[in-house]
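> What shape does this take:
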Amino acid sequence: MKQRICILLLGCVCSMQWISAQKKFPQYESDVYVSKSGDSLLYRSLKPENVAEGKTYPLVLFLHGAGERGSDNEKQLFHGGMLFTNPVNRTQYPAFVLFPQCPEDRYWPTPLRPDGFKDGNPFPIDTEISRPLALVKELLDRTMAEYPVDPRRVYVMGLSMGGMGTFDLVCRYPDLFAAAIPICGGIHTGRLEKLVTSTKFRIYHGDSDSVVPVEFSREAYLALKKAGIEAEYIEFPGVDHGSWYPAFSQPDYLSWLFGQRKPDGGGL
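You can find the predicted model right below:
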């Protein structure tokens, strides 16, 4: 009897969370991706308001930060979700958008969270892809196969842990993305120095970041330029870790993103 009551209570809590998420972000569909091996990934998705027959649309993958990890399938929308539901933006930039959610005990860019960021760059130069990020890639592949996505206009962006995941995905799949926006992220620069890609980068960071050192983005920018990759770096004076706030407020934030296209044929 007690077990039955617990199951009913759990069902009520899950239903309340789902209703709450729908109220705050009703435009985003709530779903779960299940891999062939049975692993699951929570995600929210947004489609263009009107999908015209025979037309293809951009796809944006958004990777949230460590504070939005969990199992509510809602927190990952708190930073960035409104960017794509703003009615002006949604009309001007119709797109498919994915917001996956990383589990509480996992990390986007590495199988385990680095011990810390105060003693230099902690990122490994060679490591297996984390399970959550592998599932993100599978979800991305399925979305591109099932919907009219323009393969020349696939974008990735992320903040903090998600900025690190953004760098990681481009390094692993250099022919996939037209543009990448890592915000207050980081990566082992040795991976960028040998990277060959047509992906265009726009990097943001606050120079007073007390969580992820600004040096990570500075070093990443220099490594990209050394590799001959097109990159911009925008640093916000006096801004701490929340550099996504001024980044999202840049007048050309979305116009720059949606203006990027891979060369015909998808290569360099």
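
> list the buried ones in stretch 190-206?
191-192, 195, 197-206 (16 or more other C-beta atoms under 10 Å). All C-beta atoms are positioned from the backbone trio N, CA, C, and that covers glycine.

> can you check stretch 213-222 too?
Of the residues in stretch 213-222, Pro213, Val214, Phe216, Ser217, Glu219, Ala220, Tyr221 count as buried by neighbour count, 16+ other C-beta under 10 Å.

> The residues you listed into JSON lines, with extra columns for secondary structure and pLDDT?
Converted to JSON lines, those look like this (DSSP: H, G, I helix; E, B strand; the rest coil; pLDDT from 0 to 100):
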{"residue": "Pro213", "secondary structure": "coil", "pLDDT": "95"}
{"residue": "Val214", "secondary structure": "coil", "pLDDT": "97"}
{"residue": "Phe216", "secondary structure": "helix", "pLDDT": "96"}
{"residue": "Ser217", "secondary structure": "helix", "pLDDT": "98"}
{"residue": "Glu219", "secondary structure": "helix", "pLDDT": "97"}
{"residue": "Ala220", "secondary structure": "helix", "pLDDT": "98"}
{"residue": "Tyr221", "secondary structure": "helix", "pLDDT": "98"}
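
> Helix or strand with the lowest mean pLDDT in this protein?
helix 2-24 (a mean of 46; mean pLDDT, DSSP states H and E).

> returning to what we had before: which of the buried residues of stretch 190-206 fall in helices?
With DSSP state H as the criterion, helices contain Arg191, Leu192 from among the buried residues of stretch 190-206.

> can the buried residues of stretch 190-206 go into a markdown table with extra columns for distance to Leu98 and pLDDT?
Formatted as a markdown table, those follow (distance: C-beta to C-beta, whole Å; pLDDT from 0 to 100):
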| residue | distance to Leu98 | pLDDT |
| --- | --- | --- |
| Arg191 | 24 | 96 |
| Leu192 | 24 | 97 |
| Leu195 | 23 | 97 |
| Thr197 | 21 | 98 |
| Ser198 | 22 | 98 |
| Thr199 | 17 | 98 |
| Lys200 | 20 | 98 |
| Phe201 | 20 | 98 |
| Arg202 | 19 | 98 |
| Ile203 | 21 | 98 |
| Tyr204 | 21 | 98 |
| His205 | 24 | 98 |
| Gly206 | 26 | 98 |
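
> got TSV for the buried residues of stretch 190-206, with distance to Asp240 too?
Formatted as TSV, these follow (distance: C-beta to C-beta, whole Å):
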residue	distance to Asp240
Arg191	27
Leu192	25
Leu195	29
Thr197	31
Ser198	33
Thr199	28
Lys200	27
Phe201	23
Arg202	20
Ile203	17
Tyr204	13
His205	11
Gly206	6
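
> nearest to Leu254, of the buried residues of stretch 190-206?
Arg202 (11.4 Å; C-beta to C-beta).

> Now do the strands in the chain.
For the chain, the strands defined by DSSP state E cover 29-34, 40-46, 57-63, 96-101, 149-159, 179-183, 200-206, 231-236.

> Tell me how far the closest residue to Asp31 other than its chain neighbours lies from Asp119.
Of all residues not flanking Asp31 in the chain, Tyr43 sits nearest, at 6.0 Å (C-beta to C-beta, 6 or more residues apart in numbering). Per C-beta to C-beta, to the nearest Å, Tyr43 is found 34 Å from Asp119.

> higher neighbour count, those two?
Tyr43 (22 against 8; other C-beta atoms under 10 Å).
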